[in-house]
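> One predicted model, sequence on top.
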Amino acid sequence: MTRTNKFILLGLVGISLLALMIWVYKTYNPLESHWFPRCPSKLLLALDCPGCGSQRAVHQLLNGHLLSALTYNPLFVIYLPYVALGFLIRFFSTERLLIQKVYRLLYGRWASIISLIAIITFTIVRNTSWWQTWIIHFR
Amino acid sequence: MCYQIHYVMEQTNYTYSQQGGAQQPPMPKTYFLESILTLLFCCLPLGIIALIKANSVESLYRSGDYVGSERASQEAKKYIKWSLIGAVLVYGLYAMILLGLGGLSYFSY
């Protein structure tokens, strides 16, 4: 098998897996089904990690409920387009100076510091009872 | 020993080229996006270490320590690789358990 054929095969498998996952997450609600994987930190420590709730958020996003998705995991919903844009810019690696500047500004040194602070703060805040009782009003 | 000599030689090479105003090496890959992905989807501790490494890649590169930044990039890559392996193991185990349970329930009815 040649190299390009291998790439095409891998791409087809990846696209079909992605389509399957999108279909599953669109039709089944993780709150009502028992078949979705639980977060290990929720099972072992009974604490929400920064990624907890992203399956429920994906289900709400695929059905068009943006606000509801934000209540399950706001950090995930904010980071999803951001990371996707970064991978897109990197994939179509252009030589244009403006895009290079934007990439360096958005995904540079300050981005990692701000992300680290944001993720740690979010993890602490979302485990407080104040957040958990406040966020329910928006669902 | 050999590695140390290589390290010193490389460093002097870079400093000479810096003083002469010659070419800078390109910045090594920071693995920032990948570490965000591991933080949110799979392995929180590994993702935090990888994110800190991603930050140190760029700050070391800006301070002129090109060898150190290359090393930080390699370490970030290592953590990303291990978290990828962990994710595949965890989700694969989960899928296997699910399929096994499904088979059991099929046979028990």
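Cool, got the structure. Numbers count the residues shown, from 1 in each chain, chains lettered A, B, ... in the order given.
> How far away from the center of its chain is the lengthiest helix in chain B?
Counting by DSSP state H, the longest helix found in chain B is helix B:66-108. Remark: helix B:66-108 is offset 15 Å from the chain centroid, using CA atoms, centre = their mean, to the nearest Å.
> Check stretch A:62-81 too.
Here stretch A:62-81 is found 8 Å from its chain centre; the criterion is CA atoms, centre = their mean.
> That stretch: end-to-end distance?
14 Å (CA to CA, to the nearest Å).
> Quick check: buried residues in it?
A:S68, A:A69, A:L70, A:T71, A:Y72, A:N73, A:L75, A:F76, A:V77, A:Y79, A:L80 (16 or more other CB atoms under 10 Å in any protein chain shown). C-beta here means a position set from N, CA and C on the backbone, and glycine is covered the same way.
> now swap in stretch A:80-97 and tell me
Per 16+ other CB under 10 Å, stretch A:80-97 contains these buried residues: A:L80, A:V83, A:G86, A:I89.
> Does chain B have contacts with it?
Yes. Stretch A:80-97 comes into contact with chain B (CB under 8 Å from any CB of the partner chain), by way of A:V83, A:G86, A:F87, A:R90.
> Return the subset of these lying in helices.
Residues of the residues of stretch A:80-97 next to chain B located in helices (DSSP H): A:V83, A:G86, A:F87, A:R90.
> How much space separates the first one from B:F41?
In this structure, A:V83 lies at 10 Å from B:F41, with CB to CB, to the nearest Å as the measure.
> remind me, longest helix of chain A?
Every helix in chain A considered (DSSP H), the longest is helix A:3-27.
> Does that one reach chain B?
No. Judged by CB under 8 Å from any CB, helix A:3-27 stays clear of chain B, getting no closer than 11.4 Å.
> Having no further points to raise, I will conclude here.
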